[in-house]
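S.K.: Okay, sequence plus prediction incoming.
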Amino acid sequence: MRILGIGPERPIRGQSALRSLVSEYKGQVALLASLSFIGALLEALFLFILTGVAMAMVSGRSSVGPYVGHSLAINSALMFAALLLLVRLGLNLAGVRTSAHLTADVTRDQRRLLSHAYLNSTWAIQAAEPAGRLQELLTSFVGRLSNAVSTLTGAVTALLSLGAFLATGLAIDAASTAAVLVALALVGAVLSPVRRRIRDRAGESAQAGLQFANAVSELGSLGQEMQTFGVQAPFGDRIDKLSNETTATQRRVQVLSGALPLIYMTLAYGAVLVGVAVLAFVGFDDLAVLGAVILLMLRSLSYGQQLAAAWGALASNAPFLDHVGDTIARYQAARADGGQAIPAHVAPLEAHDVEFAYTAERPALTGVTFGIGAGEVVGVIGPSGAGKSTLAQLLLGLRSPTKGRMCVGGTDLRDVDRSWWSRRVSFVAQDALLITGTVSENIRFFRDGIDDNALRVAARQANVLSDIESLPLGFDTHLGERGSQLSGGQRQRLSIARALVGQPELLVLDEPTSALDGRSEALIRTTLAQLRGQITVVIIAHRMSTLDICDRILVIEGGRLSALGTPKSLQEDSEFYRSALAIAGITHGGET
Ligand SMILES: Nc1ncnc2c1ncn2[C@@H]1O[C@H](COP(=O)(O)OP(=O)(O)OP(=O)(O)O)[C@@H](O)[C@H]1O
């Protein structure tokens, strides 16, 4: 039940969690506060009447009071007290329901904010995220957020109940209530360093949790390598070490947050003890009022204890909330916004004196200028680390040049409308990553308007149709987790079908065949050759045989464009090309 119609656009931060929560979820917090306050007033009244009944019985009277000029028969007072209890139960249950809704809403909204902010952030931000971080933030950190919200709602309830009790206490006996108030404030001040310590320790715990998540993510993705190299034991030690760090920091936080309400309660009881001692010394004339005051004070202290526990829990969750909040803000600040320009076509694709630097020390690409026409198939080669993948990311618009311009159809790529661009450009990576789903779902890849016939056409173009048809349920076959039921070559051709099904104008392939056998590579080469003249293809290749089908080849060395020409002209112009052909054992454009 969201009372505000629209989800919040701002993250809930640890520092000012209560403030953010109150402002973003006004309706639910106000409802919860009212329910708690009225419930606590009813409870205070119940205790007051109960003490009155007890005192009347002790002193042999048949009525209770007078309260505001009226006395109540004991039977009526007991029935009234029972009624108060029932109404309070109803209010409390409504409060529990509101609190559960609030927790669920905040968790859902923050998860949505975080995942959407990530999805809309630039590739530079996404690529720089350590493995497992996002998963950890979305699962256990947001889980902490849920804890914090239910703690906060508990704190709101305790605070308002305390307020209601103190208000009732003030109405009955102002002096002793004021004394309790001062005692509570003093105890709160004394415990403030403990809360700070909890917060610091929880910050360490959050950091350790992220490192642990990173290691776990590597454990999942490097399983095959670990088995092969027989490094399970040292990796296990690493996991154990990180796990020990997280549990050690968690333990410290738990000890401190567990101790906080206990210390609070002892100090608070001590304060009441002193108060009672003072009363005993000074004397008190109305026994019924004294009984009610002590009962109300004790109950106030227990609300105070709940408040102290909530404060401790909040301090221990705050750094996790900060991490989630800071990450959302960082993603939102790096939104991958394009412009509004809509060029007529993707081609010509031009690089004008392009430079790209990951760090301030040395650019990965510098002074790169070239033009690619519509329907051309262009290969990109160069030594390892020369800047080929960086160029692919610039061509795809995933990164923007730090100097110079990438232009499509005469327009700077930075100014081009993102959704127009995404519908016209496609990409095939070296490692074909598939989603857990059917063949159709993998080729469609969440895009609307792709019918079954288009799936077949793309599969045929990618030379994977016969493989699909031999599967038990054809296009409806579930491929297991991330396509685990397919071979590397089949996965790669399926990802080419995924790239082609949207009928792109530009297809960029980053070393699509380097991990494949000769037959799979030949199939992909056939596919690419058939695309010549229909769409513009840029193919980064390590295997020289893949370049057979290229109209022209770009040679990148040390971040610079060292040559650009037809395969034939490069045999004259590029030392790198000649030596690469020689290493591959290729003469006259064919593999020997
Ligand atoms: N995310 C990054 N942060 C910092 N430096 C990077 C990053 N990615 C690549 N580099 C650096 O940029 C340079 C070009 O890298 P790039 O991946 O484009 O080379 P490549 O030609 O594709 O190499 P390979 O053929 O080995 O895949 C290298 O020096 C590399 O270390």
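M.R.: Thanks, I have the structure now. Only a predicted model underlies this, so the values are computations on that prediction, with no experimental measurement involved.

S.K.: and the stretch 1-150 of the chain, which residues reach the ligand?
M.R.: By CB under 6 Å from any ligand atom, the residues of the stretch 1-150 of the chain that approach the ligand are A127. C-betas here are computed from N, CA, C, even on glycine.

S.K.: give me the number of residues near whatever residue of the stretch 1-150 of the chain ends up closest to the ligand?
M.R.: The nearest approach of the stretch 1-150 of the chain to the ligand comes at A127, 5.8 Å away (CB to the nearest ligand atom). By other CB atoms under 10 Å, the residues close to A127 number 11.

S.K.: Where does the prediction get shaky in the stretch 51-200 of the chain?
M.R.: Along the stretch 51-200 of the chain, segments meeting pLDDT under 70 span 68.

S.K.: where exactly do the strands run in it?
M.R.: Here the stretch 51-200 of the chain has its strands, by DSSP state E, counting those that start in this stretch, at 63-67, 70-73.

S.K.: same check, this time on the chain
M.R.: Ranges of strands in the chain, per DSSP state E, are 63-67, 70-73, 349-356, 365-372, 377-381, 403-408, 411-412, 425-428, 506-510, 536-540, 552-557, 560-565, 586-587, 590-591.

S.K.: Now the weakest link among those, please, by mean pLDDT.
M.R.: Between the strands of the chain, the lowest average pLDDT goes to strand 590-591, which shows a mean of 43.

S.K.: Could you find the closest non-adjacent residue to A429?
M.R.: Among residues not flanking A429 along the chain, D510 sits closest, at 5.5 Å (CB to CB, 6 or more residues apart in numbering).

S.K.: Ignore what I typed, I meant E136.
M.R.: Using CB to CB, 6+ apart, the nearest residue to E136 is A213, at 3.5 Å.

S.K.: wait, doesn't D573 sit right on G565?
M.R.: Yes. D573 is within contact range of G565, at 5.8 Å (criterion: CB atoms under 8 Å).

S.K.: can you list the residues of the protein near the ligand?
M.R.: So far as CB under 6 Å from any ligand atom goes, the chain lies against the ligand at A127, Y358, T359, A364, G382, S384, G385, A386, G387, K388, S389, T390.

S.K.: Any of those buried? List them.
M.R.: Buried members of the residues of the chain next to the ligand, counted by 16 or more other CB atoms under 10 Å: A364, G382, A386, G387, K388, S389, T390.

S.K.: Show the contacting residues for the first one.
M.R.: Contact criterion CB atoms under 8 Å, 6 or more residues apart in numbering gives F356, A357, Y358, G387, T390, G559 as the residues in contact with A364.

S.K.: Now distance to A100 too, for these, in TSV please.
M.R.: As requested, these are exported to TSV (distance: CB to CB, whole Å):
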residue	distance to A100
F356	50
A357	50
Y358	46
G387	54
T390	49
G559	57
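
S.K.: Would you map the helices across the stretch 201-350 of the chain?
M.R.: For the stretch 201-350 of the chain, the helices defined by DSSP state H, counting those that start in this stretch cover 223-229, 232-282, 287-333.

S.K.: which one of the ones you listed is the most hemmed in?
M.R.: With neighbours taken as mean count of other CB atoms under 10 Å, the helices of the stretch 201-350 of the chain reach their highest mean count in helix 287-333, at a mean of 22.

S.K.: elements contacting that one?
M.R.: Helix 287-333 sits against helix 17-24, helix 26-58, helix 74-119, helix 142-172, helix 174-190, helix 192-221, helix 232-282, with contacts defined as 3 or more CB pairs under 8 Å, 6 or more residues apart in numbering; DSSP states H and E.

S.K.: now the residue most central in space within the chain: how far from D326?
M.R.: The residue lying closest to the centre of the chain (CA atoms, centre = their mean) is L138, at 3.6 Å. Computed as CB to CB, to the nearest Å, the L138 to D326 distance reads 15 Å.

S.K.: before we move on, what about R108?
M.R.: Taking CB to CB, one finds R108 at 20 Å from D326.

S.K.: picking that back up, comparing the strands of the stretch 51-200 of the chain, which stretch has the densest surroundings?
M.R.: Greatest burial across the strands of the stretch 51-200 of the chain, using mean count of other CB under 10 Å, falls to strand 63-67, with a mean of 16.

S.K.: angle of that strand against helix 26-58?
M.R.: 130 degrees (axes from the mean of the first three to the mean of the last three CA atoms, to 10 degrees).

S.K.: Work out the sheet partners of strand 63-67 and label each with its direction, please.
M.R.: Partner strands and pairing direction for strand 63-67 (DSSP bridges) are strand 70-73 (antiparallel).

S.K.: Contacts for the partner strand next, please.
M.R.: Residues contacting strand 70-73 (CB under 8 Å, 6+ apart): I49, S62, S63, V64, G65, F80.

S.K.: repeat that for 6 Å
M.R.: Applying CB atoms under 6 Å, 6 or more residues apart in numbering, the set of residues contacting strand 70-73 from outside is S63, V64, G65.

S.K.: give the contact list for V354.
M.R.: V368, P401, G404.

S.K.: thinking the last one is in contact with D353, fair?
M.R.: Meaning G404. Yes. In this structure, G404 is within contact of D353 by CB atoms under 6 Å, at 4.1 Å.

S.K.: Looking at the two, which one has more neighbours?
M.R.: Using other CB under 10 Å as the criterion, G404 and D353 rank with G404 on top: 19 against 12.

S.K.: How about the contacts made by A341?
M.R.: T411, D415, V416.

S.K.: Go ahead and confirm the second one touches G338.
M.R.: What it means is D415. No. Between D415 and G338 there is no contact under CB under 6 Å: 7.3 Å.

S.K.: Mutual contacts of those two, please.
M.R.: With CB under 6 Å, 6+ apart, D415 and G338 have no common neighbours.

S.K.: Now do the helices in the stretch 351-500 of the chain.
M.R.: Under DSSP H, counting those that start in this stretch, the stretch 351-500 of the chain gives helices at 388-395, 418-424, 439-444, 452-461, 465-469, 488-500.

S.K.: Buried ones in the second one, by neighbour count?
M.R.: Put plainly, it is helix 418-424. So helix 418-424, judged by 16+ other CB under 10 Å, has buried residues W420, W421, R424.

S.K.: for the fourth one, same thing?
M.R.: Neighbour counts using 16+ other CB under 10 Å place A454, L455, R456, V457, A458, A459, R460, Q461 of helix 452-461 among the buried residues.

S.K.: for that helix, what is the average pLDDT?
M.R.: 92.

S.K.: ok, and what's touching it?
M.R.: For helix 452-461, the external contacting residues (CB under 6 Å, 6+ apart) are S440, I443, L465, I468, A497, L500, V501.

S.K.: what do you get for the last one?
M.R.: Contacts made with helix 488-500 from outside it, assessed by CB under 6 Å, 6+ apart, are listed as 426, 428, 432, 434, 442-443, 445, 458-459, 461-464, 467, 483, 507, 515-516, 520.

S.K.: out of those residues, which are buried?
M.R.: If we count by 16+ other CB under 10 Å, those have these buried: 426, 428, 432, 434, 442-443, 458-459, 461-464, 467, 483, 507, 515-516, 520.

S.K.: phi, psi of T436?
M.R.: phi -80, psi 100 (degrees, to the nearest 10).

S.K.: Distance check, it against N442.
M.R.: According to CB to CB, T436 stands 9 Å off from N442.

S.K.: could you check the distance from A158 over to G258?
M.R.: The spacing between A158 and G258, counted by CB to CB, is 17 Å.

S.K.: Oops, could you answer that again for M226 instead?
M.R.: Distance, M226 to G258, by CB to CB: 38 Å.

S.K.: Perfect, I'm done here.
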